[in-house]
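K.L.:
everything below, folded, please.
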Amino acid sequence: MKPIINKKILAFTLSAIVTTPVLASNGNQPTGIGQSAKAVGGAGIAYPQDTLAMGINPAAGVHLGN
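P.N.:
Below you'll find the model as predicted:
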């Protein structure tokens with residue numbers, strides 16, 4: 001009976017060491033690329049002001065001028 005308990009403890013310990021916790025983070029997504037996009041706090045995705053807006057939203061190039 002004792003070896004079974006040791007195997008369970010070993011299996012639990014190994015699974016606790018091998019698995020990594022999933023943690024929420026704050027700030028891994030940029031609010032914008034470039035000063036004008038960062039100044040509007042993320043609204044640069046919907047309102048492109050310069051060519052750097054295509055870094056976040058590739059369709060933003062349609063609304064930019066020459």
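
K.L.:
beyond the longest helix along the chain, next helix or strand please.
P.N.:
Counting residues, the longest helix in the chain under DSSP state H turns out to be helix 2-18. As assigned by DSSP states H and E, the chain's next helix or strand after helix 2-18 is helix 35-39.

K.L.:
give me the buried positions along that following helix.
P.N.:
residue 37 (16 or more other CB atoms under 10 Å). Backbone N, C-alpha and C define where each C-beta goes, glycine included.

K.L.:
next one: it to chain centre, how far?
P.N.:
Relative to the chain's own centre, helix 35-39 is displaced by 20 Å; criterion: CA atoms, centre = their mean, to the nearest Å.

K.L.:
what's that helix in contact with?
P.N.:
For helix 35-39, contacts defined as CB atoms under 8 Å, 6 or more residues apart in numbering pick out 31-32, 44-45, 49-50, 52-53, 56.

K.L.:
please repeat the previous calculation with a cut-off of 10 Å.
P.N.:
With contact meaning CB atoms under 10 Å, 6 or more residues apart in numbering, helix 35-39 is reached by 30-32, 43-45, 47-50, 52-53, 55-57, 60.
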